[in-house]
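Undergrad: Model the following, please.
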Amino acid sequence: MNVLVIGGAGYIGSHIVYELIDNGHSVTVLDNLSTGLKENVCPGADLVIGDMQDLTLVQNLLSGKKNRKFDSVFHFAALKAAGESMTEPKKYTHNNTIATLNLLNVLLENDIKNFVFSSSAATYGSPEYLPIDESHPNKPINYYGYTKLAIEQTLAWYSQLKGLRYAALRYFNAAGYDIEGRIRGKEQNPANLLPIVMEVAAGDRNTMQIYGKNYPTRDGTCIRDYIHVKDLATAHVKAMEFLRDKNEDLVLNLATGQGFTVLEVIKEVEKVVGFPINYEITSRREGDPAELVAASSLAREKIDWKAQYSDLNTLVKSMWKIYRT
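TA: A predicted model of the protein is given here:
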């Protein structure tokens, strides 16, 4: 298939591009390089530097005027800082909602009806039960999560009204790096635990904070479900091919169902790197649930997907290969 990956120079998008090309698909990347890195784009892909909010560019690209006629579009170009979304909602409205709605309309205008959407566990909000499955209520507790849910709801309507086929893939804590070491540019301004621990280990940070040690968990720190980006990439390609072959929409969790505490993650990093990680305990952050783990049995059923590289040791080792250099 001929595929457009929007945000394909970013941390997750760049891994998906390699996976697509490894599976024989032709790929064009559209990225404004605000957080993505040109060095992480697979040499086998065509790179168009530009912003998804540039509607003229998007229209020209998707209309085939540049000799590209796409069978499928992947979208990884959202802003994703939950805290920032609460203080700068206008920014998130324009990028995550308005630009994506414009993109969907251009897709339909050009008869492109295969769309893979990078969604988020943030659509669920605070867990009402564990593990979280796809039937869990969607009650986002930050504006970022709301923007993802709003697009998912629009996708469901466009599927019903216009025949758009979509996969909304909700994942939890993406981590790790390309198993073959082809992607070496580090994630820019990370907000997630594992890259922050890696920055401390590499000397890019002096210390890190653990937000609370009095949660009702086995060591008092929060529990999260981590997924290797290689496993995410495999699922995205399988989802795209499912849309093509089955003509049926997908809303899937991508997770392992196994959670690790913050301290367990730090201890695993210490074991791999061979020295202690400097951290300090601070107060809890508002809105942080004690535990977040997810069920992915529906992904196994629908697209024959199961995480293969998401054990904690593999996650940490694949990241340390990048951060230690």
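Undergrad: For E264, give its distance to L312.
TA: Using CB to CB, to the nearest Å, we find E264 at a distance of 7 Å from L312. (C-beta placed from N, C-alpha, C; glycine too.)
Undergrad: ditto for S63
TA: Taking CB to CB as the measure, S63 falls 46 Å from L312.
Undergrad: same thing with S135?
TA: Distance of S135 to L312, computed by CB to CB: 28 Å.
Undergrad: Do you have the strands of this structure handy? List them.
TA: Per DSSP state E, the chain carries strands over the ranges 2-6, 26-31, 46-49, 72-75, 114-118, 165-171, 173-175, 208-211, 223-228, 250-254, 259-261, 279-282, 291-292.
Undergrad: from those, which stretch is densest packed?
TA: Of all those, strand 72-75 has the most neighbours on average by mean count of other CB atoms under 10 Å, namely a mean of 26.
Undergrad: what's in contact with it?
TA: 1-8, 13, 16, 62, 100, 103, 107, 112, 114-118, 236, 240, 243-244 (CB atoms under 8 Å, 6 or more residues apart in numbering).
Undergrad: on that earlier part again, specify which residue of S135 and L312 has the higher count of neighbours.
TA: L312 (21 against 8; other CB atoms under 10 Å).
Undergrad: Not counting residues beside it along the chain, what's closest to the more buried one?
TA: Leaving aside its chain neighbours, L312 sits nearest to E268 (5.0 Å; criterion: CB to CB, 6 or more residues apart in numbering).
Undergrad: ok, the one you found touching T314?
TA: No - between E268 and T314 there is no contact under CB atoms under 8 Å: 10.4 Å.
Undergrad: If I look at L292, what pLDDT would I see?
TA: For L292, the model assigns a pLDDT of 93.
Undergrad: Distance of it relative to V272?
TA: Taking CB to CB, one finds L292 at 24 Å from V272.
Undergrad: again with N105
TA: Counting by CB to CB - N105 and V272 are separated by 47 Å.
Undergrad: Same check on V17?
TA: According to CB to CB, V17 and V272 sit 27 Å apart.
Undergrad: out of these two, which sits in the more crowded spot?
TA: Counted by other CB under 10 Å, V17 and V272 do not tie: V17 has more neighbours, with 31 against 16.
Undergrad: residues contacting the more buried one?
TA: Neighbouring residues of V17 by CB under 8 Å, 6+ apart: 5, 8, 27, 29, 41-42, 45.
Undergrad: For the worst-scoring helix or strand of the chain on mean pLDDT, buried residues please.
TA: Counting by mean pLDDT, DSSP states H and E, the chain has its least confident helix or strand at helix 82-87, which shows a mean of 91. Buried residues in helix 82-87, defined by neighbour count with 16 or more other CB atoms under 10 Å: 82, 84-85.
Undergrad: and what of stretch 182-193?
TA: By neighbour count on 16+ other CB under 10 Å, the buried set for stretch 182-193 is 183, 185-187, 193.
Undergrad: For the protein, give me the ranges with low pLDDT.
TA: Applying pLDDT under 70 to the chain flags residues 65-67.
Undergrad: now the lengthiest helix in the chain: how far from the chain's centre is it?
TA: In terms of residue count, the longest helix belonging to the chain (DSSP state H) is helix 143-162. Centroid separation for helix 143-162 versus its chain: 17 Å, with CA atoms, centre = their mean, to the nearest Å.
Undergrad: Next: stretch 187-195.
TA: On the basis of CA atoms, centre = their mean, stretch 187-195 sits 12 Å off its chain's mean C-alpha point.
Undergrad: What are the contacting residues of the longest helix of the chain?
TA: 78-82, 84-86, 89, 92-93, 96-97, 100-101, 104, 108, 113, 115, 117, 119-120, 122-125, 138, 140, 164-166, 168, 249, 251.
Undergrad: Can you tell me which of these are buried?
TA: Looks like the contacts of helix 143-162 have 78-80, 82, 84-85, 89, 92-93, 96-97, 100, 104, 108, 113, 115, 117, 119-120, 122-125, 138, 140, 164-166, 168, 249, 251 buried, using 16+ other CB under 10 Å.
Undergrad: Would you map out the domains in this protein?
TA: Here the domain parsing of the chain from automatic domain parsing is 2-175+226-254, 193-225+257-323.
Undergrad: now the helices for the protein?
TA: So, for the chain - with DSSP H - the helices run 11-22, 55-62, 82-87, 89-92, 99-109, 143-162, 193-202, 229-246, 262-273, 297-303, 312-323.
Undergrad: need those in a markdown table with distance to N173, can you?
TA: Output for these, formatted as a markdown table (distance: least, CB to CB, whole Å):
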| stretch | distance to N173 |
| --- | --- |
| helix 11-22 | 12 |
| helix 55-62 | 30 |
| helix 82-87 | 13 |
| helix 89-92 | 20 |
| helix 99-109 | 23 |
| helix 143-162 | 14 |
| helix 193-202 | 7 |
| helix 229-246 | 11 |
| helix 262-273 | 10 |
| helix 297-303 | 16 |
| helix 312-323 | 10 |
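Undergrad: For C222, which of the ones you listed is the nearest?
TA: Among the helices of the chain, the nearest to C222 by CB to CB is helix 262-273 (5.7 Å).
Undergrad: Thank you kindly, that will do.
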